[in-house]
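Chemist: Test case, fold it:
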Amino acid sequence: LPLAVMAALGTLGFLDDLGSLQSAKGGWAALNKRVKFLAFVAIGIAAAFGLYEGLELSTANVPYAGRYDLDAWYVPIAVGVIVLAAGGVAVTDGLDGLAAGTSAVAFGAYGIIALIQDQTFLAIFCFTVTGAVLGFLWHNSYPAQMFMGDTGALALGGGLATAAFMTGQWLVLPLIGIVFVLEGSSDVLQVGYYRLTGGKRIFRMAPLHHHFEKLGWSEPQVVQRFWIIGILGAVVGTILAMEV
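Modeler: All right, here's what the predicted structure looks like:
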């Protein structure tokens, strides 16, 4: 299932990336934002029903409190988390190596969680993605020779969220993927605050990595420090996942 979600979102991202490239050359335009969003949600719905009906999953594992059955509420929550996770990784993909490094950490964390749960195939999937992303990172690190684009970012975000739901430990996803949360939230806050105040900004520039660049951090400094934050979040999230 996570591989299917990655393939679907990767295809959507590829079409958008291809359209953007063709548009720059005077060809066809990138996907319409509304069309892209609807396709985004449709893939999220399909993934959520795959989890709920196909794999018969419907619980939330709460650290120190146990498991709670969400019943049908599981589906809309899963849709929202998958869409937000994919969007969060896409927003993070703005500096060389940033999205790749943090994605490798997050998939590695869920690989460990799946291994502890004896979900061998899911663990293999997560570790395989981690290895693939690290291989890509070799060429994507500063100064990048290869770029991820929405093709990779949407696929990684959707696959990560799906894997999180398959472990039942999706409540710790905001910690394991803390950089994606910070990046996505900063973008939403900046746009919302700008509209509400008629032009004022919270950050010097959004998403968050650009804010720190404006403060004088170099691109490698931002990336490496965000990696550290991602690793710390993943460690805390993995520890909490064991306390159910």
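Chemist: I'd like to know how far Ser185 sits from Leu15.
Modeler: 27 Å (Cβ to Cβ, to the nearest Å). The way it works is simple: take the backbone N, C-alpha and C, and place the C-beta from them, glycine included.
Chemist: do Ile43 as well
Modeler: 12 Å.
Chemist: Between the two, tell me which one has more neighbours.
Modeler: Counting neighbours by other Cβ atoms under 10 Å for Ile43 and for Leu15 shows that Ile43 has the greater number, 23 against 17.
Chemist: what's the closest non-adjacent residue to the more buried one?
Modeler: Ala8 (4.7 Å; Cβ to Cβ, 6 or more residues apart in numbering).
Chemist: what sits against that neighbour?
Modeler: Contacts for Ala8 (Cβ atoms under 8 Å, 6 or more residues apart in numbering) come out as Ile43, Ala46, Gly158.
Chemist: Quick one: neighbours of Leu115, just the number.
Modeler: Neighbour tally, Leu115, other Cβ under 10 Å: 15.
Chemist: I'd say it and Phe125 touch.
Modeler: No - using Cβ atoms under 8 Å as the test, Leu115 is too far from Phe125 to be in contact (11.2 Å).
Chemist: Which parts of this structure are helices?
Modeler: Counting by DSSP state H, one finds helices in the chain at the ranges 2-24, 33-49, 74-92, 98-116, 120-140, 149-167, 173-176, 178-197, 208-214, 219-241.
Chemist: With mean pLDDT added, can I get these in TSV?
Modeler: Shown next, in TSV, are these (pLDDT from 0 to 100):
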stretch	mean pLDDT
helix 2-24	86
helix 33-49	91
helix 74-92	96
helix 98-116	97
helix 120-140	96
helix 149-167	95
helix 173-176	97
helix 178-197	94
helix 208-214	94
helix 219-241	97
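Chemist: Burial-wise, tell me which of the ones you listed comes out on top.
Modeler: Greatest average neighbour count among those goes to helix 149-167 (a mean of 28), per mean count of other Cβ atoms under 10 Å.
Chemist: Turn the contacts of Ala8 into a markdown table, columns for distance to Phe212.
Modeler: Shown next, in a markdown table, are the contacts of Ala8 (distance: Cβ to Cβ, whole Å):
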| residue | distance to Phe212 |
| --- | --- |
| Ile43 | 32 |
| Ala46 | 37 |
| Gly158 | 27 |
